[in-house]
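> Have a look at this prediction, sequence included:
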Number of protein chains: 2
Amino acid sequence: MEETSHHSEQLRLHGQKITKQRLGILAVLETADTPLTAQDIHLRLNLEQFPISLSTVYRNLDRMLAEELIVKQGFYNDKCQYAIKRSEHFHSLICLACRKVVTIEECPLEQFSRDLGRREGFQITEHHMELYGYCPECVRKEGIASHAPKAT
Amino acid sequence: MEETSHHSEQLRLHGQKITKQRLGILAVLETADTPLTAQDIHLRLNLEQFPISLSTVYRNLDRMLAEELIVKQGFYNDKCQYAIKRSEHFHSLICLACRKVVTIEECPLEQFSRDLGRREGFQITEHHMELYGYCPECVRKEGIASHAPKAT
DNA sequence: TTAGGTGCAAAAGTTTTGCGGGCTG
DNA sequence: CAGCCCGCAAAACTTTTGCACCTAA
């Protein structure tokens, strides 16, 4: 795989040893078109004839999170999901039917945060934002009717 | 407590029996100035000489969530938190030091969602958004230095 | 060679479920 | 008094940890 050398480089830069397991985790996350839970990763690697223990997955996710090679992105059934960190700042548009994720580079919250922070006296340092809906394919396939947006 | 009659009314409207336990959960959430985990609620009720079992807390949170008396709002150590549903649509500004929450009624995402949905062909139905930072008190007390915002 | 990584098994922590008894309406 | 609800205990899961062995550098 061509990505592997890039991942090796990243691991080296962050002072982590290059192991089959770490490359495997990164490769799975790289390939996935949705964020994955620890279990998802474990399952996929084992299906690919790539035995790895679940504790190794957890340990490495923690480590990679600390080194900011990956990010926590969204939740599925109250379990957190992980994804490759692709850019400094992005948001996600997530299909509620097939869980596909589209990355949004623009962010309408920069200006909003500054104004709000000034007004409330808060020092705002970060934000989370995800948009949910149905992707074109799922709208077509599942005949999802148009309905008014709600938010949480 | 004055809120109790309001809560009783809500429970009745949603076809739930009025029990001490349910009123207790709603009262705790009403009083709290941060969203709470199931454990938080259990602990607070028991401290108030109000014995309740943890499974009852979980069962009723699920039920109240389904009936939309409460909402899931944010995560703390990867555990989900619950809060009284106060309005159709709001967002939160959360202090990273003391976990205090300020509710934001305005939303910069309405227009953004419409435009984005049109561009991506998505039917966007909802969104999540939370802002994080340090409240005036914590900035003062803990002398938190100014630093560049980051986002996730 | 050796520090750090891995697998296994056990522990810790969270959430769900079955059941007998109790309370609300 | 009937049906729903509660507490308790056990089960099902998710995540963390200790330890002996292994491997990348």
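In hand now; what should we look at?
> ok, which stretches of chain A are helices?
Using DSSP state H, the helices assigned to chain A run over residues A:3-13, A:20-31, A:38-47, A:54-66, A:109-120, A:136-142.
> Now do the first one: which elements does it pack against?
Taking 3 or more C-beta pairs under 8 Å, 6 or more residues apart in numbering or on different chains; DSSP states H and E as contact, the helices and strands that helix A:3-13 lies on are helix A:20-31. In short, each C-beta sits where N, CA and C put it, glycine included.
> how close does residue A:138 get to residue A:128?
24 Å (C-beta to C-beta, to the nearest Å).
> Residue A:142 - nearest residue in space that isn't next to it in sequence?
Spatially, and ignoring its direct neighbours in sequence, residue A:142 is nearest to residue A:97 (6.0 Å; C-beta to C-beta, 6 or more residues apart in numbering or on different chains).
> Next: residue A:108.
According to C-beta to C-beta, 6+ apart, the nearest residue to residue A:108 is residue B:112 (4.5 Å).
> The one you found touches residue A:109, doesn't it?
No. With contact defined as C-beta atoms under 8 Å, residue B:112 does not count as touching residue A:109 (9.2 Å).
> show me what contacts the nearest residue to residue A:85 once chain neighbours are set aside?
Nearest in space to residue A:85, with sequence neighbours left out and distances taken as C-beta to C-beta, 6+ apart, is residue A:71 at 4.7 Å. By C-beta atoms under 8 Å, 6 or more residues apart in numbering or on different chains, residue A:71 lies in contact with A:65, A:82-85, B:152.
> Burial check on residue A:114, number of neighbours?
Using other C-beta atoms under 10 Å in any protein chain shown, residue A:114 is surrounded by 12 other residues.
> OK, contacts around it?
Contacts of residue A:114 by C-beta under 8 Å, 6+ apart are residue A:124.
> Longest strand in chain A, please.
strand A:123-134 (DSSP state E).
> Tell me which strands that one pairs with, and in which orientation.
The strands beside strand A:123-134 in its sheet (DSSP bridges) come out as strand A:91-95 (parallel), strand B:123-134 (antiparallel).
> Using neighbour counts, pick out the buried residues of the longest one.
Looking back up the chat, that one is strand B:123-134. B:123-125, B:127-134 (16 or more other C-beta atoms under 10 Å in any protein chain shown).
> quick one on the thing from earlier: beta-bridge partners for the residue nearest to residue A:85, please?
residue A:83.
> Per-residue pLDDT of it, please?
pLDDT for residue A:71: 87.
> again with residue A:78
69.
> Ok, residue A:54 next?
pLDDT, residue A:54: 97.
> So for it, what's the nearest residue that isn't a sequence neighbour?
residue A:42 (4.9 Å).
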